[in-house]
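1. When you get a sec, could you give me coordinates for this:
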Amino acid sequence: QVQLVESGGGLVQAGGSLRLSCAASGRDFDAHTMGWFRQSRGLERELVAAMHRTGGYTYYVDSVKGRFTMSRDNAKNTVYLQMNSLKPEDTAVYYCVADRRGMYIGTTADAWDYWGQGTQVTVSS
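-> Numbering: from 1, shown residues only. Model (predicted):
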C-alpha cells in the first residue's frame, strides 16, 4: 500500500511557474512507476507525465512537452512536476499516481493503483 500526498498547487498568472511535489509513504517506492494526471472541470482525467520506475523513460502528453518536467528522488520518496510557461488551459486538479507493477506506463486512469487527493492549479490569463 502506498499513500500519496501532493503539494505545491496554487494560483499563478499565465507564463508563470509552479512546482508540484508528491510525497509517498509505504514500501518499495522505487519499484513503482509514478505519474501525474490532471482533470479540468467537465473533462476526463488526462495523464500529463509519467516516469518509469527505472527512470529510463518519461512520458509527457503533447500539450506540455517542453514546458513541464517530471523528476523523482527515490531517497526522499518524492516525485516532482516542474511546470513552466503555464497557460490558462493548464488549470486543473493535478493528481499524483503510482503503479505498483511498474512494468509500463498506462495512459488511462484504470492503469494506476494509487492516487493522491489532488492539488488545484489555477492559471489566470
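2. So in terms of bridging, what pairs with the residue most central in space within the chain?
-> Against the mean C-alpha coordinate of the chain, by CA atoms, centre = their mean, the closest residue is Trp36 at 2.0 Å. Judged by DSSP bridges, the bridge partners of Trp36 are Ala49, Cys96.
3. so who does it touch?
-> By CB atoms under 8 Å, 6 or more residues apart in numbering, the contact set of Trp36 is 20, 22, 47-50, 70, 79, 81, 94-97. Quick note: C-beta positions are derived from backbone N, CA and C, even for glycine.
4. What strand or helix carries Leu81?
-> Applying DSSP states H and E as the criterion places Leu81 in strand 78-83.
5. Which strands border that strand, and is each parallel or antiparallel?
-> Using DSSP bridges, the strands paired with strand 78-83 are strand 18-26 (antiparallel), strand 68-73 (antiparallel).
6. Make sure Asp30 is indeed in a helix.
-> Yes. Asp30 forms part of a helix when assessed by DSSP: H, G, I helix; E, B strand; the rest coil.
7. rewinding a little: residues contacting the strand holding Leu81, please?
-> 17-24, 34, 36, 48-49, 51, 64, 67-73, 90, 94, 96, 121.
8. which of those residues are buried?
-> The neighbour-count criterion (16 or more other CB atoms under 10 Å) marks 18, 20-24, 34, 36, 48-49, 51, 64, 68, 70, 72, 90, 94, 96, 121 among the contacts of strand 78-83 as buried.
9. How confident was the prediction at Val93?
-> For Val93, the pLDDT comes out at 98.
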